[in-house]
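Trainee: return a 3D structure for these sequence lines:
(2 chains)
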Amino acid sequence: MTKSDRRTAFLFFAPAASFMILFFVYPMFLLVRDSLFDSKTGTQFVGGENYIRALSSDRFYKSLYNTVVFVVGAVSIELILGLVLALLLSTGFRGSHAARTMFLSPLMIAPLVGGLIWKFMLNDQFGILNTILFKIGWIDSPQSILWLSDERYALLSCMIADVWLTTPFMMLVLLAGIQGIPESLYEAAHIDGANKAQRFWRITLPCLRPVIVVALLIRIIDAARSFDIIWVLTQGGPNFSSSVLSTMIYNSMARFNQVGYASAMAILFMVVLMAICGVFMMRLWNPNKKAI
Amino acid sequence: MNASIRQRTKAGSILVQLTTALFVIAFLFPYIYLIMTSLKPSMEVISTTPTLLPSAFTLDSFRTMFDVLPVGKYIGNSFITAISSTVVSVFLGSLAAYGLSRFSSRIGNLFLLLTLAVRMVPLISVAVPMYGIINRLGLYDTKTALILVYTSINIPFVIWMMIGFFDGLPKELDESARVDGCGKFGAFMRIILPISLPGLATTAIFSYMLSWNDFLMALMMSSTTAKTLPVGLSEFLGAYNLDLGPMTAAAVLFSLPVMLFSVMIQRYIVSGMTMGAVKE
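Mentor: Got it, this is the predicted structure:
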């Protein structure tokens, strides 16, 4: 590496870097600073007080718990559903291409619009989902499940909307992964007399593992960060039953103007998320893993 | 993959087709319901006995939409901020990605690590300090503010996508350009960028969608003049507003063109979605 090479590299990424320093690194610095100052005026240094307040607040733990439930629930349903859809489409039947195109449709919809659609479908008075469930006899009256205003169902409703919006991504990535598995493996297994289930458990799933891990990582990060859908559907209510960390941080920031407190929670949120990702990535970069 | 082992049995294939069809219907239903609702007469939109199809198709909701919501302005804002931030971030991002891919340096690797770390940062946590900075720059509620913010959110993503793409291009390409008298920057502009067009297109589509679909940043950084359509749409929910027809109409107007377009350019979307996750 010559000196001029280093200078060239620097010139190439300097403009992008300055953007990121101004709007990512500097804000992070401000975030840390804010978290150490009092929430009311933002001028008095209070040290770790905001952190202690967050860590001793039931609502913070409630939101953390809800975030975990939301992420684990939504992402595992997406993974299973996405895998099923990918397997169905990978058989390459006539029309599978058209089906894939149709599955793609929710992919490009803004999370906000997705949230609006479900807010409409799950409405207590005029939601069509209850009407459908009533007509097929699963519930006794069209009003018997208050999806968005019953504490038991609010978070589940947000998960349903998220699953609808992001399963296509899962499906697409897994489908690409499945199509990348060499056909010869299946032929060899067939000759050896492996049945369908064995082929799935012994070939498809192990070969797909790296793809699944990456897809999960991407989805876990995005689901943990999701704000739009939950904000539109429930705003974290009723009674904090669907409050996740991002809506809680937004609320204490925008509604109650508690910048210090919100910043402390934001940092705790980030630390947890990065720790989880770190664990995941370490497994991903495990040098002992066999390359496919 | 014709006549592969994966698709041998005929009866199984019919079952597969049926199941897929059921899933397709389930996945399309919500969006079709939205479109149908936007075409219903206003009384039917909030009927307690909802039906999928309107009793009569009407464009009333679309007409009233223009009275209750400055849709044109909001869509204009959404479009201008999304397209400008896409152009800037794709250019600066691929410039950086090229530099990082071709000329390695310690500070460059550090920067690359930063772009990866940034993906894990919840937007909500940087949104507030970003808001503070924008405010101090006197840019609150301007399109410039949103363009700046979207650009910086998109840049790490562009770098991530393009670095893989550039790594796949043979180095001899740059060298021959240099032999023919191009400078380093010239080689990038005249040789590398043009042959990276497919990768650039995919990346641009995704950065556009990131900005176009954004709600949180626009919610925090605009109030009247720079408001984008997602924020405008969300306001229907706050008020005790039961005339939801126009809301569905605006939602359709906002999403349908993008959706049709995305079906047309499916190839790029599929490659982009899988570029990050399925490598080699």
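Trainee: residues contacting the residue of chain A found nearest chain B?
Mentor: Relative to chain B, the nearest point of chain A is A:F12 (2.4 Å; Cβ to the nearest Cβ). Glycine gets a C-beta too; all of them are placed from N, C-alpha and C. A:F12 is in contact with B:L95, B:A96, B:Y98, B:G99, B:L100, B:F103, B:F188, counting by Cβ atoms under 8 Å, 6 or more residues apart in numbering or on different chains.
Trainee: try it again at 7 Å.
Mentor: By Cβ atoms under 7 Å, 6 or more residues apart in numbering or on different chains, A:F12 lies in contact with B:L95, B:A96, B:Y98, B:G99.
Trainee: and B:L200, how far from B:F206?
Mentor: Applying Cβ to Cβ, to the nearest Å, the value for B:L200 to B:F206 is 11 Å.
Trainee: what is the burial count for the residue of the stretch 51-200 of chain B found nearest chain A?
Mentor: Closest approach between the stretch 51-200 of chain B and chain A, counting by Cβ to the nearest Cβ: B:G99, at 2.4 Å. B:G99 has 28 neighbouring residues, counting by other Cβ atoms under 10 Å in any protein chain shown.
Trainee: what's the helix or strand harbouring it packed up against?
Mentor: If you go by DSSP states H and E, B:G99 is part of helix B:71-102. If contacts are counted by 3 or more Cβ pairs under 7 Å, 6 or more residues apart in numbering or on different chains; DSSP states H and E, helix B:71-102 sits against helix A:3-20, helix B:106-118, helix B:143-167, helix B:197-212, helix B:229-238.
Trainee: if we compare the ones you listed, which one ends up closest to A:L175?
Mentor: helix B:197-212 (17.2 Å; Cβ to Cβ).
Trainee: touching, A:P168 and A:P106? I think so.
Mentor: Yes - between A:P168 and A:P106 there is a contact under Cβ atoms under 7 Å: 5.5 Å.
Trainee: any buried residues in stretch B:165-185, and which?
Mentor: Buried residues in stretch B:165-185, defined by neighbour count with 16 or more other Cβ atoms under 10 Å in any protein chain shown: B:F165, B:F166, B:L169, B:D174, B:A177, B:C182, B:K184.
Trainee: so where's the chain uncertain?
Mentor: No chain in the question, so chain A it is. Along chain A, the model assigns pLDDT under 70 to residues A:1-3, A:283-292.
Trainee: chain B was what I was after
Mentor: Checking chain B against pLDDT under 70 turns up B:1-11, B:238-242, B:275-280.
Trainee: can I see the domain layout of it?
Mentor: B:5-64, B:69-238 (automatic domain parsing).
Trainee: so which of the ones you listed is the most packed in?
Mentor: Of all the domains of chain B, domain B:69-238 has the most neighbours on average by mean count of other Cβ atoms under 10 Å in any protein chain shown, namely a mean of 19.
Trainee: circling back to that earlier point, so which of the helices and strands packed on helix B:71-102 gets nearest A:T91?
Mentor: helix B:197-212 (27.0 Å).
Trainee: now the closest one - C-alpha only, CSV.
Mentor: Extracted in CSV, the C-alpha atoms of helix B:197-212 (Å, rounded to 0.1, in the frame of the first residue of the first chain):
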residue,chain,number,x,y,z
LEU,B,197,-25.3,0.1,-14.0
PRO,B,198,-27.3,-3.0,-12.9
GLY,B,199,-25.9,-2.8,-9.4
LEU,B,200,-26.5,0.9,-9.3
ALA,B,201,-30.1,0.5,-10.4
THR,B,202,-30.8,-2.0,-7.7
THR,B,203,-29.2,0.1,-5.1
ALA,B,204,-30.9,3.2,-6.3
ILE,B,205,-34.3,1.5,-6.1
PHE,B,206,-33.8,0.5,-2.6
SER,B,207,-32.5,3.8,-1.4
TYR,B,208,-35.4,5.5,-3.1
MET,B,209,-37.8,3.2,-1.3
LEU,B,210,-36.1,3.8,2.1
SER,B,211,-36.7,7.5,1.7
TRP,B,212,-40.1,7.4,0.1
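Trainee: neighbouring contacts of the helix or strand that comes right after that helix?
Mentor: Sequence-wise, the next helix or strand downstream of helix B:197-212 (DSSP H and E) is helix B:216-221. Applying Cβ under 7 Å, 6+ apart, the contact partners of helix B:216-221 are A:227-228, B:123-124, B:127, B:131, B:134, B:140, B:145-146, B:149, B:227-228, B:230-231.
Trainee: select, from the residues you listed, the two members most distant in space.
Mentor: Largest pairwise distance in the contacts of helix B:216-221, by Cβ to Cβ, is 21.4 Å, between A:D228 and B:Y140.
Trainee: tell me where chain A has helices.
Mentor: Assigned by DSSP state H, the helices in chain A fall at A:3-20, A:26-35, A:49-55, A:58-90, A:96-103, A:111-121, A:128-135, A:154-179, A:183-191, A:196-199, A:205-225, A:228-233, A:245-250, A:259-284.
Trainee: minimum distance to B:Q266: which of those helices has it?
Mentor: Once these are compared by Cβ to Cβ, helix A:96-103 is nearest, at 6.3 Å.
Trainee: buried ones in that closest one?
Mentor: In helix A:96-103, the ones that count as buried by 16+ other Cβ under 10 Å are A:S96, A:A99, A:R100, A:M102, A:F103.
Trainee: check contacts around the fourth one.
Mentor: It stands for A:M102. So A:M102 contacts B:V24, B:L28 (Cβ under 7 Å, 6+ apart).
Trainee: ok, now how distant is it from B:F27?
Mentor: A:M102 is 7 Å from B:F27, by Cβ to Cβ.
Trainee: and the first one, by the same measure?
Mentor: In this structure, A:S96 and B:F27 are 15 Å apart, going by Cβ to Cβ.
Trainee: picking that back up, and the nearest residue to the residue of chain A closest to chain B once chain neighbours are set aside, what does it touch?
Mentor: Nearest residue to A:F12, sequence neighbours excluded (Cβ to Cβ, 6 or more residues apart in numbering or on different chains): B:G99, at 2.4 Å. Taking Cβ under 7 Å, 6+ apart as the criterion, B:G99 is in contact with A:T8, A:A9, A:F12, A:F13, B:G108.
Trainee: redo those as CSV? Include distance to B:F215.
Mentor: Shown next, in CSV, are those (distance: Cβ to Cβ, whole Å):
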residue, distance to B:F215
A:T8, 39
A:A9, 36
A:F12, 33
A:F13, 30
B:G108, 34
